[in-house]
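Novice: Please work out how this folds:
(one chain, ligands or ions: 2)
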Amino acid sequence: MTIERTFSMIKPDATDRNLVGSITAMIESSGLRVIASKRIRMTQEKAAEFYGVHSERPFFQSLCDFMCSGPIIVQVLEGENAVKKNREIMGATNPEDADDGTIRKVHAVSLEKNSVHGSDSLENAVIEIAHFFNDQEIHP
Ligand code: ATP
Ligand code: MG
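Specialist: Residues are numbered from 1 along each chain as shown. Ligands and ions are numbered 1, 2, ... in the order given. Got it, this is the predicted structure:
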(Lines give C-alpha, C1' and ligand atoms only; values in the text may rest on other atoms or scores of the structure.)
(Ligands and ions follow the chains in the order given, each with its own letter.)
Protein backbone atom coordinates (compact mmCIF):
# COMPACT_ATOMS: atom_id res chain seq x y z
CA MET A 1 0.00 0.00 0.00
CA THR A 2 1.43 3.34 -1.06
CA ILE A 3 -0.06 6.41 0.58
CA GLU A 4 0.56 9.40 -1.69
CA ARG A 5 -0.43 13.03 -1.97
CA THR A 6 -1.57 14.69 -5.16
CA PHE A 7 -2.61 18.20 -6.15
CA SER A 8 -6.10 18.95 -7.47
CA MET A 9 -7.78 22.07 -8.84
CA ILE A 10 -11.45 22.71 -9.45
CA LYS A 11 -11.37 25.04 -12.45
CA PRO A 12 -13.39 28.26 -13.07
CA ASP A 13 -16.04 26.58 -15.26
CA ALA A 14 -16.92 24.37 -12.29
CA THR A 15 -16.86 27.01 -9.55
CA ASP A 16 -19.06 29.15 -11.85
CA ARG A 17 -21.66 26.36 -12.03
CA ASN A 18 -21.61 25.78 -8.25
CA LEU A 19 -20.06 22.32 -8.59
CA VAL A 20 -17.45 22.49 -5.82
CA GLY A 21 -19.45 20.23 -3.51
CA SER A 22 -20.42 17.75 -6.22
CA ILE A 23 -16.85 17.37 -7.47
CA THR A 24 -15.41 17.15 -3.96
CA ALA A 25 -18.00 14.45 -3.17
CA MET A 26 -16.82 12.44 -6.20
CA ILE A 27 -13.23 12.78 -4.99
CA GLU A 28 -14.17 11.68 -1.47
CA SER A 29 -16.28 8.78 -2.77
CA SER A 30 -13.15 7.38 -4.40
CA GLY A 31 -11.55 7.08 -0.98
CA LEU A 32 -9.22 10.04 -1.38
CA ARG A 33 -9.13 12.50 1.54
CA VAL A 34 -9.03 16.28 1.15
CA ILE A 35 -6.26 17.30 3.56
CA ALA A 36 -5.96 20.94 2.37
CA SER A 37 -8.34 23.20 0.47
CA LYS A 38 -8.72 26.88 -0.39
CA ARG A 39 -10.56 29.12 -2.85
CA ILE A 40 -8.25 31.49 -4.71
CA ARG A 41 -7.91 33.54 -7.89
CA MET A 42 -5.15 32.55 -10.28
CA THR A 43 -3.02 35.38 -11.69
CA GLN A 44 -1.81 35.42 -15.30
CA GLU A 45 1.73 35.05 -13.98
CA LYS A 46 0.90 32.03 -11.88
CA ALA A 47 -1.19 30.39 -14.63
CA ALA A 48 1.65 30.83 -17.14
CA GLU A 49 4.09 29.28 -14.67
CA PHE A 50 1.74 26.45 -13.72
CA TYR A 51 1.03 25.49 -17.35
CA GLY A 52 4.54 26.43 -18.54
CA VAL A 53 4.99 23.01 -20.12
CA HIS A 54 2.32 24.08 -22.66
CA SER A 55 3.76 27.55 -23.40
CA GLU A 56 4.44 26.75 -27.05
CA ARG A 57 0.99 25.25 -27.69
CA PRO A 58 -1.62 27.25 -29.63
CA PHE A 59 -4.14 27.01 -26.79
CA PHE A 60 -1.74 28.37 -24.13
CA GLN A 61 -2.98 31.98 -23.87
CA SER A 62 -6.62 30.92 -23.98
CA LEU A 63 -5.93 28.37 -21.24
CA CYS A 64 -4.24 31.00 -19.04
CA ASP A 65 -7.12 33.45 -19.61
CA PHE A 66 -9.64 30.74 -18.73
CA MET A 67 -7.80 29.78 -15.54
CA CYS A 68 -7.87 33.45 -14.45
CA SER A 69 -11.51 34.00 -15.42
CA GLY A 70 -12.96 33.07 -12.03
CA PRO A 71 -12.16 31.53 -8.67
CA ILE A 72 -10.58 28.10 -8.42
CA ILE A 73 -10.34 25.61 -5.57
CA VAL A 74 -6.89 24.20 -4.89
CA GLN A 75 -6.68 21.01 -2.86
CA VAL A 76 -4.24 18.42 -1.59
CA LEU A 77 -5.60 14.88 -1.78
CA GLU A 78 -4.17 11.97 0.16
CA GLY A 79 -4.72 8.24 -0.16
CA GLU A 80 -3.59 4.99 -1.66
CA ASN A 81 -2.01 5.58 -5.09
CA ALA A 82 -3.49 9.10 -4.98
CA VAL A 83 -1.87 10.39 -8.20
CA LYS A 84 -3.15 7.56 -10.39
CA LYS A 85 -6.48 7.26 -8.62
CA ASN A 86 -7.24 10.97 -9.03
CA ARG A 87 -6.35 10.85 -12.75
CA GLU A 88 -8.72 7.89 -13.10
CA ILE A 89 -11.69 9.58 -11.44
CA MET A 90 -11.00 12.81 -13.40
CA GLY A 91 -11.31 11.07 -16.77
CA ALA A 92 -9.64 11.92 -20.08
CA THR A 93 -8.58 15.51 -20.87
CA ASN A 94 -11.26 15.76 -23.55
CA PRO A 95 -14.62 15.04 -21.87
CA GLU A 96 -15.83 13.40 -25.10
CA ASP A 97 -13.20 10.71 -24.53
CA ALA A 98 -13.77 10.37 -20.79
CA ASP A 99 -15.21 7.21 -19.28
CA ASP A 100 -18.74 7.22 -17.88
CA GLY A 101 -18.91 8.29 -14.27
CA THR A 102 -15.70 10.32 -14.32
CA ILE A 103 -15.70 13.95 -13.18
CA ARG A 104 -14.97 15.27 -16.67
CA LYS A 105 -17.59 13.05 -18.33
CA VAL A 106 -20.23 14.17 -15.84
CA HIS A 107 -19.33 17.84 -15.47
CA ALA A 108 -16.88 19.17 -18.10
CA VAL A 109 -18.05 21.62 -20.76
CA SER A 110 -15.24 21.25 -23.34
CA LEU A 111 -11.63 20.25 -23.87
CA GLU A 112 -10.52 23.57 -22.33
CA LYS A 113 -13.27 23.96 -19.74
CA ASN A 114 -12.75 20.49 -18.30
CA SER A 115 -13.57 21.28 -14.66
CA VAL A 116 -10.57 19.75 -12.87
CA HIS A 117 -6.81 19.46 -12.87
CA GLY A 118 -4.80 16.67 -11.29
CA SER A 119 -1.07 16.09 -11.03
CA ASP A 120 0.20 13.63 -13.64
CA SER A 121 3.10 12.24 -11.59
CA LEU A 122 4.28 12.03 -8.00
CA GLU A 123 7.18 14.31 -8.87
CA ASN A 124 4.85 16.99 -10.26
CA ALA A 125 2.47 16.55 -7.33
CA VAL A 126 5.22 17.58 -4.91
CA ILE A 127 6.06 20.63 -7.03
CA GLU A 128 2.43 21.68 -7.54
CA ILE A 129 1.48 21.27 -3.86
CA ALA A 130 4.43 23.47 -2.88
CA HIS A 131 3.23 26.13 -5.35
CA PHE A 132 0.00 26.66 -3.42
CA PHE A 133 0.37 25.35 0.14
CA ASN A 134 2.78 25.59 3.03
CA ASP A 135 3.06 22.87 5.68
CA GLN A 136 0.82 24.79 8.13
CA GLU A 137 -2.07 24.61 5.65
CA ILE A 138 -2.03 20.83 5.23
CA HIS A 139 -3.85 18.80 7.87
CA PRO A 140 -3.95 15.03 7.29
P1 ATP B 1 -4.59 19.22 -16.46
O2 ATP B 1 -3.11 19.46 -16.58
O3 ATP B 1 -5.40 20.49 -16.40
O4 ATP B 1 -4.91 18.26 -15.33
P5 ATP B 1 -4.46 17.20 -18.47
O6 ATP B 1 -3.21 16.78 -17.78
O7 ATP B 1 -5.54 16.18 -18.63
O8 ATP B 1 -5.10 18.45 -17.76
P9 ATP B 1 -2.87 18.64 -20.38
O10 ATP B 1 -2.41 18.05 -21.66
O11 ATP B 1 -1.89 18.83 -19.28
O12 ATP B 1 -4.13 17.79 -19.90
O13 ATP B 1 -3.54 20.05 -20.73
C14 ATP B 1 -3.71 21.03 -19.74
C15 ATP B 1 -5.05 21.70 -19.95
O16 ATP B 1 -4.99 22.47 -21.16
C17 ATP B 1 -6.24 20.74 -20.18
O18 ATP B 1 -6.81 20.28 -19.00
C19 ATP B 1 -7.18 21.62 -20.93
O20 ATP B 1 -7.87 22.50 -20.03
C21 ATP B 1 -6.25 22.45 -21.81
N22 ATP B 1 -6.05 21.86 -23.12
C23 ATP B 1 -5.30 20.78 -23.44
N24 ATP B 1 -5.30 20.52 -24.76
C25 ATP B 1 -6.08 21.50 -25.31
C26 ATP B 1 -6.48 21.82 -26.64
N27 ATP B 1 -6.10 21.09 -27.70
N28 ATP B 1 -7.29 22.90 -26.82
C29 ATP B 1 -7.68 23.66 -25.76
N30 ATP B 1 -7.33 23.41 -24.49
C31 ATP B 1 -6.55 22.35 -24.26
MG1 MG C 1 -1.66 18.15 -17.30
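
Novice: which SS state does the closest residue to residue 122 other than its chain neighbours fall under?
Specialist: For residue 122, ignoring the flanking residues on the chain, the nearest one in space by CB to CB, 6 or more residues apart in numbering is residue 83 at 5.4 Å. From N, CA and C alone the C-beta is placed, and that goes for glycine too. Three-state secondary structure (criterion: DSSP: H, G, I helix; E, B strand; the rest coil) places residue 83 in helix.

Novice: Could I get the contacting residues of residue 83?
Specialist: Residues in contact with residue 83, defined by CB atoms under 8 Å, 6 or more residues apart in numbering, are 4, 6, 118-122, 125.

Novice: Near residue 3, how many other residues are there?
Specialist: Taking other CB atoms under 10 Å as the neighbour definition, residue 3 ends up with a count of 11.

Novice: Please tell me I have it right and it contacts residue 78.
Specialist: Yes - look at residue 3 against residue 78 with CB atoms under 8 Å: they come within range, at 6.6 Å.

Novice: and for these two, which residues touch both?
Specialist: With contacts defined as CB under 8 Å, 6+ apart, no residue is adjacent to both residue 3 and residue 78.

Novice: Tell me which residues of stretch 30-38 come out buried.
Specialist: Residues 30, 32, 34-37 are the ones in stretch 30-38 that count as buried (16 or more other CB atoms under 10 Å).

Novice: Perfect, I'm done here.
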